[in-house]
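# A structural model of the following input is requested.
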Amino acid sequence: EQERCALPCQDKAGSVRLRQSGGRFDHLGEAAYQFDNVFSEEALQDEVFNEAVAPICEAVLAGYNGAVIAYGQTGSGKTHTVLGNSRSRGIAPRAIAFIFETLQQCSCWSVEVSVLEIYNERVRDLLAPGPGVCH
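Residues are numbered from 1 along each chain as shown. Predicted coordinates for the structure are as follows:
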């Protein structure tokens, strides 16, 4: 059976309105969700980076804190989006290259990075040398 996108992407920024129909949750009515960016499954890694992550990198280089969150169910493409593959780098390697290429022009700089995974209500530091599970 071929999979289909539940909500077709028509706009890169805006909102999505969902309506619960029938069943025991009918009283919930309609819900609206705001997004900075929405990408379809055909979106290219460079498109996602340029539109969603590069502005965060630029803000970080201006001295602000930045965060990128990949959220979704298991198998939805978070790891692919963040890491990419041998043919197309993901947003993390692109962000690292972008930031360090810019910092080469500076005489003094400091970078701090955290990479966390939250799974089944457990936080894991993905850069820790050991198991790194916090409760």
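# okay, CA-based contacts and neighbour counts for the rest of this
Will do.
# in what helix or strand does residue 117 lie?
strand 116-119 (DSSP states H and E).
# can you give the strand pairings for that strand, parallel or anti for each?
Applying DSSP bridges, strand 116-119 is found paired with strand 122-125 (antiparallel).
# what are the buried residues along the strand holding residue 117?
Within strand 116-119, no residue is scored as buried using 16 or more other CA atoms under 10 Å.
# could you check how far that strand is from the centre of its chain?
Centroid separation for strand 116-119 versus its chain: 13 Å, with CA atoms, centre = their mean, to the nearest Å.
# buried sites along stretch 112-128?
Quick answer for stretch 112-128 (16+ other CA under 10 Å): 124-125.
# before we move on, the earlier item: neighbouring contacts of the strand holding residue 117?
Residues from elsewhere that reach strand 116-119 (CA atoms under 8 Å, 6 or more residues apart in numbering): 123-127.
# repeat that for stretch 76-87.
Contacts for stretch 76-87 (CA under 8 Å, 6+ apart): 45, 70-72, 89-93.
# need the longest helix for this structure.
Assignment by DSSP state H gives helix 91-103 as the longest helix of the chain.
# which helices and strands sit right next to that helix?
On a contact count with 3 or more CA pairs under 8 Å, 6 or more residues apart in numbering; DSSP states H and E, helix 91-103 meets helix 45-48, helix 54-61, helix 78-83.
# show me how far that helix is from its chain's centre.
Distance, centroid of helix 91-103 to centroid of chain: 16 Å (CA atoms, centre = their mean).
# got the buried residues for it?
By 16+ other CA under 10 Å, the buried positions in helix 91-103 come out as 91-92, 94-95, 99.
# could you dump these into TSV and include distance to residue 50?
Shown next, in TSV, are the buried residues of helix 91-103 (distance: CA to CA, whole Å):
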residue	distance to residue 50
91	9
92	12
94	9
95	10
99	13
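# what stretches of this protein score poorly on pLDDT?
1-31, 131-135 (pLDDT under 70).
# go again using 90 as the cut-off
1-43, 69-78, 107, 112-113, 115-121, 124-135 (pLDDT under 90).
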